[in-house]
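[1] the following comprises the amino acid sequence and a computationally predicted model.
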Amino acid sequence: MNLIIGSDNTIDVEKYDKIVQTFYTSNSQGWAQAQQVLDEFQRNEDSWLYVDKILQFSSNVQGKYIALSVLDNMVTGGWYELPQEQKLGVRNFLVGFILYVCEKNKPNESFMLRKADLVLIEILKREWPDNWPSFLDELISSSQSSPQVCYNNLKILSLLAEEVFKPLKKNQTKAKALQLIYNLNANAEKICNFCTELLKMDYSSEMTVASLNTIKLFLLWLPKDCFNSLELWGVLTLLSRSEPSIRYHVIQCLIQVLDLDFALVETIRSNERFSSSLISCFISIINQTACEIKTTDTKWYKFYLELPIDGEEYLKELAKFLTKFLINHSTAMDNTPNVRGIIYEAHRCILRLMELPNIEILEYTCEYWHQLVFKSLTKQQDIGYNLTHTHPLPQRRNSIDRDNFEFFEEVREYLIWNLTKPDDIHNLFASTTGLIDESEQSNLYNIQRETLIYLTNLEYTKTLGMIQNEINQWLNQPITEIGHFNSVCWSIATLAGQLPSKIEDEFIITIMKIMMQIEEYNQSQEMKTHIQYNMIYIITKYTRFLKSNWISLKAITGRLIIIIQSADTPLRDQAAIALGRLLAQCASSYIYPQEENEPPYIDIIIRQSSIILGYLSPEQQTQLIKSLQIAVYMDPRSVEKQKNIHLIIHDTMNEWNAVLMKFRDGINNFNDMARLQKLNHLIHVLDVTCKELKEYFNSHLERIIPDISFLLQNLSHFVITYMDDKQWKGNNNGSKNLAVEIYSGILSLLNTSIDHGTNENSQSLTIRASKIVDAFLSTYSNGMGQILNGEDINLSLALLKKLGRNFDKYNKQLLTILIDSALAYGDRASPDQSITLVKSMSYIIGSCFETILALKASYCGDICQYTMLSAINSDSDVKLISWRSLISILNKFKNYKDDQIQNEFLASFYFPLLQLIFSTITDKSFDVVFEEQCQLLSDLLIIASENDIVLYAFITSKNDTNFNVVQEFLLNEILNNSKLKADQAHEIVLSLISLAGDRNAIKNKLEDFKAMSKEACASSADVFEEENYHQYEVLIKSQAIKRHNDYTVTD
């Protein structure tokens, strides 16, 4: 740094520029020295004092950027330590520099200008409005100097609005963040009016876009009562007729309005100007889009994709706007001239948008048709959700209804041709229509499926006729588009159970006859396999038809058995799934005689089962055995039932004994992958058998336990042998995964044996359990614990719990291994595995709390931290389990007898838990755990600092509907919580009133509690002493906190 700072403590800007140039020339000599000098310069606390000279005299843009970074670090880290005069000097210099750079308008300085803007934002967050009340007026005034300054000022306003949604930074207090929200709310109308004036001027499209983007951000903070007075709506109406690159940003502003929290329907009804403008924008956008679609070819969307903006993003926003408006606000157009034609064109646009292969557009549009069709269904037939009985529609319909039904025809055709792949299609022949990625299709399929069902219940004859017409076309011509063929077949399967019985029977018989003719017509073996696959999928969905038509069921069953024994793997797998489904769902048809002098068909299947199973993969074998067992278990013939059950068990046990004999012959057999795979399969089959056949399998459990102990001990050897081998290095290696699968299967089998065995049998297992636990410990300590997943850890814990207290001596050693394994595995766990991990953690805390503290005190903190991360970053199921676990953990520590440990834990996790609650409680994705969040908040109130809770709540609140609920919950808890100190309750109530928007609601709430007397308010009743209550009333009247959705408190 001495190279650029002289002895007189001044900077040599010329040398500074040379060093920066050297640093940015990667192959130059002296690069390392340049890096060292610049690093020292940026780390020095006094370097910001030289920033003005660098910005004034440097000719190197990168050097100026580094100087601005130094200034940024000073503002974020030490601004409040500066005297006020120095703050004013820095602020004025930076503003002057920004204006100077804007006036020069050099393209290569744009990134430097953005950095200067960001530094200004950091200053604003600390100075505005207390020490810089004129900022906004100065910004608006300076915008008149040049278009370049005006454009950059819009960027500054946008950055300021976006800053609200960022987390708190160093030295930015919660009060300052709250003040920023208030200032945005207070000045939103002024900023929107400023941007509106800019839009009215004849500026460039770039300025128009910047103005619209700024408006979009500040609409969020606009007070509700300002919406009717703004000139903005008339300007937006004019701009909605502009080219798509401008219209795109108009649409985004309108979506922001539609997304606001307050009831827009009421606003539309009460504010004529706002209402008419919003409708005018909608009509203009419809008319422009309709013209653009009509003037292009069949690939009309290419017109948008070739625009200078992101065409696909534009169409996505268009779909979102049209569907949102029509779903919620189409009634506002009842008195609009030519409303029928407008809605007609809107529906035409929505249909065309469905041609795009974009998942979000398809979800918006399909969801719209889903709701519209359902409204028509309930209106026309008055059957609500009862979709199983269909009647002809009334002949009289109003004009809009007739138009809707015209579009329903096209929607019906679209769905039949483009239905998304169902969830239960799982192989390569079940390709989608090509419109969307398979990983995103589940929710879309459910929407499309229900819509097609609703349309069928409206007019089932049209749906059935359309499907038959589509299928018939392939009688005389080859199938060229397999995606469309699949979609039609999935549509047929979707209608199973949705038609009147007689009509459904006729329909499926007709369809299957046509499908068989199509199979004969197509000579390609690959295409025949496609057709057979879909035939199997369709017919097994129509179980109501099969249950009442034994001949068809018998023929289908025989056909499936033939396919299993002769077809290729994909078709064989589907046939096995279908056979299992039929055995489970049509069990009564198989177990009762259906033909004279013929035994029940289940006997025939059982006799062939060993042959059938020989053709299937282990997974398919397991599923089919489970289905066989379900059917056999329902057999009312006691003798034949036992005979069939023992036949299934006998075959399985014979295979088990043969495999175990090979393993006992020599340890080297544990290196045989084929045998290990067979063993893995048999373990899972035995597990299923034990679960389904229960007491019939008890006599075999005693034989299995010694085998399991043997396997566990030698599985440990298998792990040790391969742990250092290269093939173990990858997570997906077959040997390693197979070892884990076998171990998991053994754990599951042991748990099942204890759960379903007789009392005597369970006692016998418990007596033998010490050897099993020894084997567990040996396996874990020899390496298995390093590769297990959450499910295995959970199974281990469950088994340890079932084995009873007699084995406490093993707990410490096993718990240490389990906790270390679980914490190590947590980062790479899948959602399902995360659920089992969190459950395991909760169980550990709940049942082994003192043991864990004795082992390692930090374990509890580690578990709590892991659970908190799961409560934020997981899907809804994991969140729910995680939040409940957090409540359990907190209660354990609150009730623990050792005050020191209790206080240490609360000191470490009180603030993180508070922040966790209020960073998520207003997020819609966390609605599923709202009750758990409130419960945890209630527990924390007892130890809470009086201001932290409400400040966190207000700063992080985005959804004010939830905030009102939280506010009411807090008041209830505070005023009824007998454990809460009175002075603490008093301070929290004061803080809540300070932050609240609806003063009357809080006033009424306080008056209600006051009327309830001291008895109802427990120890917090003295909150309502007259002196305190007077404070509340004064504070309620004096507050002026304002927010965008009815949070307005005036003097």
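    Nice, I can see it.
[2] only C-alpha atoms for contact and neighbour calcs from this point on.
    Noted.
[3] could you report the pLDDT at the nearest residue to Met354 once chain neighbours are set aside?
    Leaving aside its chain neighbours, Met354 sits nearest to Leu362 (5.7 Å; criterion: C-alpha to C-alpha, 6 or more residues apart in numbering). pLDDT, Leu362: 91.
[4] I'd say Leu362 and Arg352 touch.
    No: at 10.7 Å, Leu362 and Arg352 do not qualify as touching, with contact defined as C-alpha atoms under 8 Å.
[5] which one of the two is surrounded by more residues?
    Shown here are Leu362 and Arg352; by other C-alpha atoms under 10 Å, Leu362 has more neighbours (23 against 17).
[6] what element comes up after the helix or strand encompassing that one heading to the C-terminus?
    Per DSSP states H and E, Leu362 falls inside helix 359-381. Note on helix 359-381: by DSSP H and E, the next helix or strand toward the C-terminus is helix 399-418.
[7] I'd like the next helix or strand past that following helix.
    Counting by DSSP H and E, what follows helix 399-418 is helix 442-458.
[8] for that next one, packing partners?
    With contacts taken as 3 or more C-alpha pairs under 8 Å, 6 or more residues apart in numbering; DSSP states H and E, helix 442-458 sits against helix 359-381, helix 399-418, helix 460-472, helix 482-494.
[9] try 6 Å
    Packing partners of helix 442-458 (3 or more C-alpha pairs under 6 Å, 6 or more residues apart in numbering; DSSP states H and E): helix 359-381.
[10] what sits up against the helix it packs on?
    Contact with helix 359-381 is made by Lys316, Lys320, Thr323, Met354, Gly384, Leu444, Thr451, Leu458, as judged by C-alpha atoms under 6 Å, 6 or more residues apart in numbering.
[11] buried stuff in that helix?
    Residues 359-370, 372-374, 376-377, 380 are the ones in helix 359-381 that count as buried (16 or more other C-alpha atoms under 10 Å).
[12] cool, and stretch 646-653?
    Buried, per 16+ other C-alpha under 10 Å, within stretch 646-653: Leu647, Ile648, Ile649, Thr652, Met653.
[13] what about stretch 594-605, how long is it end to end?
    For stretch 594-605, the first-to-last residue distance is 14 Å (C-alpha to C-alpha, to the nearest Å).
[14] which residues are in contact with the helix or strand hosting Ile509?
    Using DSSP H and E, Ile509 maps to helix 501-521. Outside helix 501-521, the residues that touch it by C-alpha under 6 Å, 6+ apart are Leu475, Lys528, Phe545.
[15] mind running it again at 8 Å?
    For helix 501-521, contacts defined as C-alpha atoms under 8 Å, 6 or more residues apart in numbering pick out 464, 468, 471-472, 474-476, 478, 496-497, 528, 531-532, 535, 539, 542, 545.
[16] in the stretch 201-350 of the chain, where is pLDDT below threshold?
    202, 224-230, 260-273, 295-299 (pLDDT under 70).
[17] likewise for the stretch 701-850 of the chain?
    701-702, 712-713, 715-741, 743-744, 747, 751, 753-850.
[18] please redo it, this time with the cut-off set to 80
    For the stretch 701-850 of the chain, the stretches with pLDDT under 80 are 701-706, 708-850.
[19] the stretch 51-200 of the chain now?
    Using pLDDT under 80, the stretch 51-200 of the chain drops low at 163-185.
[20] helices along that one, start to end?
    Using DSSP state H, counting those that start in this stretch, the helices of the stretch 51-200 of the chain run over residues 51-57, 61-78, 84-104, 110-127, 135-142, 147-163, 174-200.
[21] list the helices and strands the longest one packs on?
    Packed against helix 174-200, as judged by 3+ C-alpha pairs under 8 Å, 6+ apart, are the following elements: helix 110-127, helix 205-218, helix 232-239, helix 948-956, strand 1042-1043.
[22] got the CA coordinates for the third one in PDB?
    The reference is to helix 232-239. Output in PDB follows, covering the C-alpha atoms of helix 232-239 (Å, rounded to 0.1, in the frame of the first residue of the first chain):
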ATOM      1  CA  LEU A 232     -51.600   6.100 -13.700                       C
ATOM      2  CA  TRP A 233     -54.600   3.900 -14.800                       C
ATOM      3  CA  GLY A 234     -55.400   6.100 -17.900                       C
ATOM      4  CA  VAL A 235     -51.700   6.100 -18.900                       C
ATOM      5  CA  LEU A 236     -51.500   2.300 -18.500                       C
ATOM      6  CA  THR A 237     -54.600   2.000 -20.700                       C
ATOM      7  CA  LEU A 238     -52.900   3.900 -23.500                       C
ATOM      8  CA  LEU A 239     -49.700   1.900 -23.100                       C
END
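[23] what helix or strand is Ile604 located in?
    helix 601-614.
[24] can you name the residues in contact with that helix?
    561, 564-565, 590-593, 621, 624, 628, 631-632, 644, 647-648, 651.
[25] so which of the residues you listed is the most crowded?
    With neighbours taken as other C-alpha under 10 Å, the top of those is Val632, carrying 28 neighbours.
[26] next, count neighbours for the residue lying closest to Ile283 once chain neighbours are set aside.
    Leaving aside its sequence neighbours, Ile283 sits nearest to Ile342 (C-alpha to C-alpha, 6+ apart; 6.7 Å). Per other C-alpha under 10 Å, the neighbour tally for Ile342 reads 18.
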